[in-house]
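> The following comprises the amino acid sequence and a computationally predicted model.
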Amino acid sequence: MSWTDERVELLKKMWGEGQSASQIAKELGGVTRNAVIGKVHRLGLSNRATGAAPAKSEPKEKPAPAPKAEAKPKPAPKTEPARPTPAPDAKPATPARRQIIPAGQPLPPQPSANEISPEALAKVNEVEKKAKKLTLMELTEKTCKWPVGDPATEDFWFCGLPVEPGKPYCEAHVGVAFQPMSSRRDRRR
């Protein structure tokens, strides 16, 4: 079905009379309600009032300017007291109650660190000594994207060593990030 000039004129007339898109679609035949609504929007036809009579517009007078109040000094920004950092032997926050740590504060021990084998951690420590220490803008598809440090500090960097094929990390970081399901399941017990 195409929108001929006659059909468009009938649509405009019926729309102006306040008929619904469904009624117009039935009258025109061969179009859906949504097609009528789409054509109305494309034609830029105005929205109609919802049954209430339009308010009469009276000549607008500019209201008298309000007297300017004296400028008040801005209140000092509120600062929160520093949150105590958890003790090294403290349990991490449960997933249901997440703790928000402000930038620059040390992160609490992560639960995943307990699941990593000592061999993998030793390998990561050795690899990070040889890392290229790249910035975000220096990363490519061939460089390890393992983040090291706190992103809120200047000494944050990415590993940058060559990646394993099909992975975003180097061999050592793949060993930490992608562990077999069975070994993870066994460590939880």
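Received it, and whenever you're ready, just let me know what you need.
> Following the chain onward from the helix or strand of the chain with the lowest mean pLDDT, which element is next?
Here the helix or strand of the chain ranked lowest by mean pLDDT, DSSP states H and E is helix 111-115, holding a mean of 52. Counting by DSSP states H and E, the element after helix 111-115 in chain order, helix or strand, is helix 118-130.
> May I see the buried residues of that next one?
Going by neighbour count (16 or more other Cβ atoms under 10 Å), the buried part of helix 118-130 is 120, 123-124, 127-128. Yep, even glycine has a C-beta here, placed from its N, CA and C like the rest.
> now stretch 37-45
39-40.
> could you give the mean pLDDT of stretch 39-56?
The average pLDDT within stretch 39-56 is 69.
> can you list the residues that contact stretch 150-163?
103-104, 106-107, 127-128, 130-136, 138-139, 141-149, 169-170, 172-173 (Cβ atoms under 8 Å, 6 or more residues apart in numbering).
> can you check stretch 126-141 too?
Under Cβ under 8 Å, 6+ apart, the answer for stretch 126-141 is 143-145, 148, 157-161, 163, 170-173.
> mean confidence score for it?
88.
> now do the same end-to-end measure for it.
End-to-end distance for stretch 126-141: 23 Å, by Cα to Cα, to the nearest Å.
> What distance do you get for residue 46 to residue 150?
56 Å (Cβ to Cβ, to the nearest Å).
> swap in residue 175?
For residue 175, the distance to residue 150 - Cβ to Cβ - is 23 Å.
> Neighbour count for these two, which is higher?
residue 175 (19 against 15; other Cβ atoms under 10 Å).
> My read is that that one contacts residue 123, right?
Yes. Using Cβ atoms under 8 Å, residue 175 is in contact with residue 123, at 6.4 Å.
> So, low pLDDT: which residues of the chain?
Applying pLDDT under 70 to the chain picks out residues 1, 48-99, 101, 104, 107-117, 181-189.
> domain parsing for it?
With domains defined by automatic domain parsing, the chain comprises 5-43, 112-188.
> who touches residue 23 in this structure?
residue 14.
> Doesn't it belong to a helix?
Yes. Counting by DSSP: H, G, I helix; E, B strand; the rest coil, residue 23 is found in a helix.
> That one and residue 147, how far apart?
60 Å.
> Give me the three-state assignment for residue 154.
Residue 154 ends up coil, using three-state DSSP.
> Can you get me a residue count around it?
Residue 154: 7 neighbours (other Cβ under 10 Å).
> so how far is residue 5 from it?
68 Å.
> ok, now residue 120?
Residue 120 is 74 Å from residue 5, by Cβ to Cβ.
> on that earlier part again, what's the farthest-apart pair in the buried residues of helix 118-130?
Largest separation among these by Cβ to Cβ: 120 and 128, giving 12.4 Å.
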